[in-house]
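J.: here you go, sequence then predicted model.
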Amino acid sequence: MATIELRQVEKKFGDLHAVKPMDLTIYDGEFVVLLGPSGCGKTTTLRMIAGLETVTGGQILLNGRDVTWEHPSRRDIAFVFQLFALYPHMSVWQNIAFPLQAQGVPRQAVRERVAEVARILEIEHLLRQRPRGLSMGDQQRVALARALVRRPAAFLMDEPLGALDAELRERMRGEIKRLHIEQHATTIYVTHDQVEAMAMGDRVVVMSDAVVQQVGTPAEVYYDPANLFVARFIGSPGMNLVPCRYLGGAIEVSGSGRVPLPQGWDTALQRALGASCDVILGFRPEAAHVTSEGPLDATVYASEMEGGYAMIHLTLGGEGGPIVHIRAGRDSRYPIGTSLRIALDPGMIRFFDPRTERAIPREVGR
Amino acid sequence: MSNVELRSITKRFGVVTALDGVSFSIQHGEFFVLLGPTGAGKTTTLRVIAGLERQDEGSVLFDGQPVDHLAPADRDVAFVFQQYSLYPSMTVYENLAFPLRSPLRRVPEPVIRKRVQETAEKLHIAHLLQRRTANLSGGEMQRVAIGRALVREPRIFLMDEPLSNLDAKLREALRVELQHLQKTQQSTTLFVTHDQIEALTMADRIAVLDRGRIIQIGTPEEIYDRPATTFVAQLVGTPRINLMNATREDATLYIVGSTIHLPLPPEAAWSSLPPSFLVGVRPEDVRVHCEGQFEGEVVLTEPLGVETILHIRSGEQKLLSIVPGISGLCIGEGVRFDISKERLHFFRDDGTRIVFS
């Protein structure tokens, strides 16, 4: 059981702000991912919650109790590091049992709890072995088991899958999430990988430059990014962002064409932009398709087969124009230089104010 | 005539056989990708072509002529490494011009200036020409490294995982640019990677390498749609292919541990199927919809944005499925699904593909 609350928590290293004052509440049983590029402050945030780093300002509450200045060992929080950090001279069983023995848990209880956690992680057959001989995936399972066995109030994980190859990472991310669903321990998970964040998080906290950019469910950060950073960072490739001009009732992409505005956007843009008419159009790669009736002229820059589908990369409005990415069926591959027309799905377009880089809210619901 | 050909190349390091009879040929203007896991022999293959490593058996041919006697400097190949290997004290311009200033080439200075400028423009680094490389970002440095190879117009570009040190966004962007550049220049390229998505997206043809042996050579479509072995089937495609044990009775196949059963393909040869075998189904071929023939339960959902990966349990069998957008399905919910029976893959127990003739 753990609800974790950050109130105006900040961290400075000298003059450098590693984390600017942030508020965040992580509810009991929730899986929250701190996501951002390296240097964004996500790991520092995690380390402050664990107590491995002191705060420069603000408060950290665990179940309503102020733990800001409490020693890490008294916070009842388990930390899973990126590196396996297993004891090479101990067997797997001893590695898992160690935190319990250190706490003085009775022998019988240690045996039962190690057996239980080994069963959940399917490593029962490895208990007698030394970590050295194990595969990367098994070593990571043992590291997880050692964290799980303590039954802490909360788990903090710092890029635990960072060192694994792509296939194993994909499998382990499913296992960690399934484990979370079974145990429902509050989990804060740090990663720079947006795919991992989307796949695993109940909510995602997107960070950049020491600032929280957006907190939301995977659907919210994907469909309604709060600003240009989130729009670019989430998705592979990220959201297409095209500078254009608002003309009242329509927008114009220079040299490519005019797109009539769906109801609601017209008033929203008028209100948000005032006298200015520069605006940034955003749409996801799956929100556009090739059609001879489409309002925008485009030229094929490259096209890729990505397994079950194709990604077409297009320049809008001639050479040097913005490049956009469109997801299409496997057979829609065109030679470089082909001229096409594209149409946008009106329900999936978004707008951003180029001055503030923030999303412009719509006037009507989807 | 092929630009570069490898004939039965074998290379040993002590008792370890790094390459075991590797043969393939790369056509002029082709983007050829060597795909395989760490230790498969990809880099060794590049080094043999470049002459940095001498093979124990077999021959390397350029335009049909053996080049085994030629020193690396005389082979006219350009290498781009994972590490940028630039001269940090030189400007970007000097780094790009350096290969042209080789005493062997004697390129006149105005030509150098023109070539450097053109190359820099293609790679969008023209504004960096006067900067020192030490002050560049990772993506910019790799562009300069690629530019330094490009400026020379060599016989073939040998690229050893050039994108793997870059972050995901940069990798995506540079992948598109490399492909555009290669296609518009018609430059012959051998690109080495362990990343299946790089291979599928950029290659004209892919050679899959495992433990020093070529497993399959084909277009991205052939590799994805007709993998020669379960190894290849699992190597390409994300999320990974569903591989399930199956048996047959007459013209019906049964997936072990589930109620899933499908009619076998109409080909007369199905009777040649062994009694037990493996069936591969790509996640996009497990189609979830309310009128689906089979029943299962959602055990996990992974919303990626553009699509959601569903982990489905049907009987004792686990399957992955892909549905578009962010799925509203919850864990524990029942679902119905179909399997595209025209897109099944059949493998023997030893992992080799069963081809119906």
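T.: Now that the structure is in, tell me what you want to look at.
J.: pop the domain breakdown of chain A in here.
T.: Residue ranges for each domain of chain A read A:4-232, A:240-352, as given by automatic domain parsing.
J.: what's the closest of these to B:His261?
T.: Closest to B:His261 of the domains of chain A, according to Cβ to Cβ: domain A:240-352, at 24.3 Å. (Each C-beta comes from the backbone N, C-alpha and C, glycine too.)
J.: surely A:Ser303 forms part of a helix?
T.: No. If the criterion is DSSP: H, G, I helix; E, B strand; the rest coil, then A:Ser303 is strand and not within a helix.
J.: contacts only, for it.
T.: A:Ala310, A:Met311, A:Ile312, A:His313, A:Ser332, A:Arg333, A:Tyr334, A:Ile336 (Cβ atoms under 8 Å, 6 or more residues apart in numbering or on different chains).
J.: likewise A:His71?
T.: A:Gly51.
J.: equivalent analysis for A:Gly41, please.
T.: Contacts of A:Gly41 by Cβ under 8 Å, 6+ apart are A:Lys11, A:Ala18, A:Val19, A:Lys20, A:Met207, A:Asp209, A:Ala210, A:Val211.
J.: let's see that with 10 Å instead.
T.: A:Gly41 is in contact with A:10-11, A:17-20, A:22, A:34, A:48, A:207-212, counting by Cβ atoms under 10 Å, 6 or more residues apart in numbering or on different chains.
J.: where's the helix or strand bottoming out on mean pLDDT in chain A relative to the chain centroid, distance-wise?
T.: Taking mean pLDDT, DSSP states H and E as the measure, strand A:77-80 is the helix or strand of chain A with the lowest mean score, a mean of 76. Strand A:77-80 sits 20 Å away from the centroid of its parent chain (Cα atoms, centre = their mean, to the nearest Å).
J.: tell me the strands beside that strand, with direction?
T.: strand A:154-158 (parallel) (DSSP bridges).
J.: list the buried residues for the following helix or strand past the strand it pairs with?
T.: Counting by DSSP states H and E, the next helix or strand C-terminal to strand A:154-158 is helix A:166-183. Buried residues in helix A:166-183, counted by 16 or more other Cβ atoms under 10 Å in any protein chain shown: A:Glu167, A:Arg169, A:Glu170, A:Met172, A:Arg173, A:Gly174, A:Glu175, A:Ile176, A:Lys177, A:Leu179, A:His180.
J.: what about chain B: which of the residues you listed touch it?
T.: A:Glu167, A:Glu170, A:Arg173, A:Gly174, A:Glu175, A:Lys177 (Cβ under 10 Å from any Cβ of the partner chain).
J.: I figured the second one hits A:Leu161, correct?
T.: Pointing back at A:Glu170 there. Yes. Counting by Cβ atoms under 10 Å, A:Glu170 does reach A:Leu161; the two are 9.0 Å apart.
J.: joint contacts of those two?
T.: Counting by Cβ under 10 Å, 6+ apart, the residues touching both A:Glu170 and A:Leu161 are A:Glu196.
J.: where in the stretch 151-300 of chain A is pLDDT low?
T.: Along the stretch 151-300 of chain A, the model assigns pLDDT under 70 to no residue.
J.: give the contact list for B:Gln185.
T.: B:Gln185 touches B:Gly29, B:Lys122, B:Leu150, B:Glu153, B:Phe157, counting by Cβ under 10 Å, 6+ apart.
J.: CSV for these, including pLDDT?
T.: Formatted as CSV, the contacts of B:Gln185 follow (pLDDT from 0 to 100):
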residue, pLDDT
B:Gly29, 94
B:Lys122, 81
B:Leu150, 83
B:Glu153, 81
B:Phe157, 92
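J.: among the residues you listed, which are in strands?
T.: B:Phe157 (DSSP state E).
J.: need the buried ones from the contacts of B:Gln185 selected in ChimeraX.
T.: In ChimeraX, this line selects whichever of the contacts of B:Gln185 come out buried by 16+ other Cβ under 10 Å:
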select /B:122,150,157
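J.: low-confidence ranges in the stretch 201-350 of chain B?
T.: Ranges of the stretch 201-350 of chain B meeting pLDDT under 70: B:267-269.
J.: hang on, the earlier thing: let me know the closest of the contacts of B:Gln185 to B:Glu177.
T.: Nearest member of the contacts of B:Gln185 to B:Glu177, counting by Cβ to Cβ, is B:Lys122, at 8.5 Å.
J.: sec struct for B:Ser2, please.
T.: Per three-state DSSP, B:Ser2 ends up coil.
J.: how deep is A:Arg232 tucked in, by neighbour count?
T.: A:Arg232: 16 surrounding residues under other Cβ atoms under 10 Å in any protein chain shown.
J.: just the one 3 residues further on next, same as before
T.: A count of neighbours around A:Gly235, defined by other Cβ under 10 Å, yields 23.
J.: contact partners for the nearest residue to it once chain neighbours are set aside?
T.: Residue nearest to A:Gly235 in three dimensions, not counting chain neighbours: B:Gly305, with 5.1 Å by Cβ to Cβ, 6 or more residues apart in numbering or on different chains. Contacts for B:Gly305 (Cβ under 10 Å, 6+ apart) come out as A:194-195, A:198-199, A:218-219, A:221-223, A:234-236, A:238-239, A:284-286, B:325-326.
J.: just the pLDDT for the nearest residue to A:Gly321 once chain neighbours are set aside.
T.: Once flanking residues are discounted, A:Gly321 sits nearest to A:Thr315: 4.6 Å by Cβ to Cβ, 6+ apart. Here, the pLDDT recorded for A:Thr315 equals 96.
J.: and A:Thr315, helix, strand or coil?
T.: strand.
J.: please name the bridge partners of it.
T.: A:Thr299, A:Ile323.
J.: that one reaches A:His325, doesn't it?
T.: No. Judged on Cβ under 10 Å, A:Thr315 makes no contact with A:His325 at a distance of 11.1 Å.
J.: what touches both of those two?
T.: Counting by Cβ under 10 Å, 6+ apart, the residues touching both A:Thr315 and A:His325 are A:Tyr301.
J.: strands along the stretch 51-200 of chain B, start to end?
T.: In the stretch 51-200 of chain B, the segments counted as strands under DSSP state E, counting those that start in this stretch are B:57-62, B:65-66, B:77-80, B:156-160, B:189-193.
J.: hang on, the earlier thing: the residue nearest to A:Gly235 falls within a helix, correct?
T.: No. Read with three-state DSSP, B:Gly305 is coil and lies in no helix.
J.: residue ranges for the helices of the stretch 201-350 of chain A, please.
T.: For the stretch 201-350 of chain A, applying DSSP state H, counting those that start in this stretch gives helices covering A:218-223, A:228-233, A:265-273.
J.: now do the same end-to-end measure for stretch B:70-81.
T.: 22 Å (Cα to Cα, to the nearest Å).
J.: and it, how far out from the chain middle?
T.: The answer for stretch B:70-81 is 23 Å, by Cα atoms, centre = their mean.
J.: again, but for stretch A:20-32
T.: The answer for stretch A:20-32 is 14 Å, by Cα atoms, centre = their mean.
J.: give me every residue that touches residue 343.
T.: Defaulting to chain A. A:Ala343 touches A:Val259, A:Ala287, A:Ala288, A:His289, A:Val290, A:Thr291, A:Ser292, A:Glu293, A:Gly294, A:Pro295, A:Leu296, counting by Cβ under 10 Å, 6+ apart.
J.: wrong chain, I was asking about chain B
T.: So B:Arg343 contacts B:Asp225, B:Gly280, B:Val281, B:Arg282, B:Glu284, B:Asp285 (Cβ under 10 Å, 6+ apart).
J.: and of those, the nearest to A:Thr267?
T.: Closest approach between these and A:Thr267, by Cβ to Cβ: B:Glu284, at 40.0 Å.
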